[in-house]
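**Student:** need a structure here:
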Amino acid sequence: MPADPKYIIFDVGNVLIHWDPEHLYRTLIPDDQKRRRFLTEVCSMAWNLEQDLGRPWRDAVAILSAQHPAETDLIRAYDERWHEMVPGAIQGSVTILAELKRTGVPLYAITNFSTEKYAEAQTRFPFLAHSFIDTVVSGAVGLIKPDPAIFQLLLDRNGLDPRQCVFIDDSLKNITAARALGLTGHHFTGPDALAEDLRGLGFPVG
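**Tutor:** Below you'll find the predicted structure:
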């Protein structure tokens, strides 16, 4: 635990906004086994991470469609109907974020996100554009969590002491990476547990 925590760094996906391809593909591929195969072997997490590392969506769809021409429409949907994978904000977390900002806590973000989709998300969820002093978007910098370099980038360009930072993420491997650099990590499982942990660290959360 830090002696004097001052800064909070948020992840975005599944901390502040919901994201899951299942929300869209349950409609497009009702059969569980076929849907699981498609999201594992075609539009896989590894494929999606390339966009989070900066690959344009147009290129991603073209490459994958050439490999799986019979499934081109389903592949295109991952890009064109992306917002259907994001049913909304995690309201409890957004309330905490707003309270922290209102009371003057310096807020930052590190997110694995394509630059194209993050711009769309900021338009849809304005708090993403206005809450943070600085946001490191993986697609803009070519680095992705849990690579320690993406954490170090945020720390360096803002002059932050990692021992004074609390990092919030739903991925345990990202929390482990942050802790290895000296940050305090909160493994996000829900807004209530987050609020309790932040109160215990001395942050003004009701």
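**Student:** break this protein into its domains for me.
**Tutor:** As assigned by automatic domain parsing, the chain contains the domains 7-18+88-200, 22-85.
**Student:** now find how far off-centre the shortest one is within its chain.
**Tutor:** When distances are taken as C-alpha atoms, centre = their mean, to the nearest Å, domain 22-85 is centred 18 Å away from the chain's centroid.
**Student:** ditto for the longest one
**Tutor:** Mean C-alpha position of domain 7-18+88-200 versus that of the full chain (C-alpha atoms, centre = their mean) differs by 8 Å.
**Student:** and the helices in this protein?
**Tutor:** 22-28, 32-37, 45-52, 57-67, 72-80, 91-102, 115-124, 127-130, 138-141, 148-158, 172-180, 191-200 (DSSP state H).
**Student:** please report the distance of Asp170 from Arg37.
**Tutor:** 25 Å (C-beta to C-beta, to the nearest Å). In this view, the C-beta of every residue, glycine as well, is placed from N, C-alpha and C.
**Student:** neighbour count: the two, which is higher?
**Tutor:** Asp170 (18 against 12; other C-beta atoms under 10 Å).
**Student:** now for that one: which residues touch it?
**Tutor:** Applying C-beta atoms under 8 Å, 6 or more residues apart in numbering, we find Asp170 in contact with Asp11, Gly13, Asn14, Val15, His187, Phe188, Thr189.
**Student:** chain neighbours aside, what residue packs nearest to the third one?
**Tutor:** So that's Asn14. Asp170 (4.4 Å; C-beta to C-beta, 6 or more residues apart in numbering).
**Student:** how close does that neighbour get to Ser65?
**Tutor:** 30 Å.
**Student:** same question, Cys43
**Tutor:** 11 Å.
**Student:** same check on Pro162?
**Tutor:** For Pro162, the distance to Ser65 (C-beta to C-beta) stands at 42 Å.
**Student:** so these two - more neighbours on which side?
**Tutor:** Between Pro162 and Ser65, Pro162 has the larger neighbour count (other C-beta under 10 Å), namely 20 against 17.
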